[in-house]
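J.: Quick one: sequence and predicted model below, then my questions.
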Amino acid sequence: MNVGRPLQFNPDKALGSAMQLFWNNGYESTSLQDLLTAMKLSKSSFYQAFKSKKQLFLNTILSYQALLVDDLLLQLKQADTGKAFIENLFSCVAEETVGVDARRGCLLMNTASEFAQTDDEIADLVSESLVKITAIFERAVVQAQQEGDISANKDAHDLAVYLLSNMSGLKNMVKAGADKETITSIVDTILLTLGDPSITQVTSKND
């Protein structure tokens, strides 16, 4: 039975090229021709493999989510402590102010801002991604609490949400043009709150 011509390109490589384009330009500002050029595809190959621009975009978000989650889990596994994982992650944000890929922000946060809940399917996918990232932060917090580096009186989930919201804010500031010194100063303050219960008062849900 004829099920169509086999793909004559690497779908993962093409998807990666599309991800970079969406990340740099956003969804609406990326045209189909932009995608065809970046992915080195004909229009017929594009539609055969990805069906539509929106479906391609959804696929890039899923791919980005998987890559990000895998990378964070690996970093957590390799970190000396749970708190060191958090510190390393936040310290790296300041480095995003320089370099080839500087000031692109986070693809998930960029997508959330661009669509502003106008597309339920995309919003659900972004929310799912953020839930998974929050869970990794929570694992790091719990580990740090067990290691004695973060107060056990702080609710781990609430503190994970706190960290995620700060990470989102920092990346948006970087994208808006904040310099390295400013980001570093804010990161220092955020990290300071992790070790001083008198600064960050995260109330336990059991209280």
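T.: Cool, got the structure. Numbers count the residues shown, from 1 in each chain.

J.: Now do stretch 43-59: distance to the chain's middle.
T.: The gap between the average C-alpha position of stretch 43-59 and the chain average comes to 23 Å, counting by Cα atoms, centre = their mean, to the nearest Å.

J.: do stretch 122-139 as well
T.: On Cα atoms, centre = their mean, the centre of stretch 122-139 falls 9 Å from the chain's centre.

J.: Alpha carbons of that stretch, in CSV - could you do that?
T.: Taking Å, rounded to 0.1, in the frame of the first residue of the first chain, the C-alpha atoms of stretch 122-139 are listed here in CSV:
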residue,chain,number,x,y,z
ILE,A,122,-0.7,26.8,23.0
ALA,A,123,-1.5,28.2,26.5
ASP,A,124,-2.1,24.6,27.8
LEU,A,125,1.2,23.5,26.3
VAL,A,126,3.1,26.4,27.9
SER,A,127,1.4,25.7,31.3
GLU,A,128,2.3,22.1,31.1
SER,A,129,5.9,23.0,30.5
LEU,A,130,6.0,25.4,33.4
VAL,A,131,4.5,22.8,35.7
LYS,A,132,7.3,20.4,34.8
ILE,A,133,9.9,23.1,35.4
THR,A,134,8.4,24.0,38.7
ALA,A,135,8.5,20.4,39.8
ILE,A,136,12.3,20.4,39.1
PHE,A,137,12.7,23.5,41.2
GLU,A,138,10.7,21.8,44.0
ARG,A,139,13.0,18.8,43.8
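
J.: Can you give me the buried ones in it?
T.: Buried residues in stretch 122-139, counted by 16 or more other Cβ atoms under 10 Å: I122, L125, V126, S129, L130, I133, T134, I136, F137, E138, R139. In this view, the C-beta of every residue, glycine as well, is placed from N, C-alpha and C.

J.: element containing the first one, please.
T.: The secondary structure element spanning I122 is helix 120-146 (assigned by DSSP states H and E).

J.: Let's test this: mean pLDDT of that helix, rounded?
T.: Mean per-residue pLDDT for helix 120-146: 95.

J.: tell me what it is packed against?
T.: With contacts defined as 3 or more Cβ pairs under 8 Å, 6 or more residues apart in numbering; DSSP states H and E, the packing partners of helix 120-146 are helix 53-78, helix 82-93, helix 107-115, helix 156-176.

J.: worst average pLDDT in the ones you listed?
T.: Across the helices and strands packed on helix 120-146, helix 107-115 gives the lowest mean pLDDT, at a mean of 90.

J.: Next, the buried residues of that helix.
T.: The neighbour-count check on helix 107-115 (16+ other Cβ under 10 Å) flags L107, L108, M109, N110, T111, A112, F115 as buried.

J.: Isn't the last one up against A123?
T.: Yes. Between F115 and A123 there is a contact at 6.5 Å, judged by Cβ atoms under 8 Å.

J.: hey, what's in contact with both of the two?
T.: Counting by Cβ atoms under 8 Å, 6 or more residues apart in numbering, F115 and A123 have no common neighbour.

J.: could you list every residue that touches A178?
T.: With Cβ under 8 Å, 6+ apart, A178 has these contacts: T97.

J.: With that, I have no additional questions.
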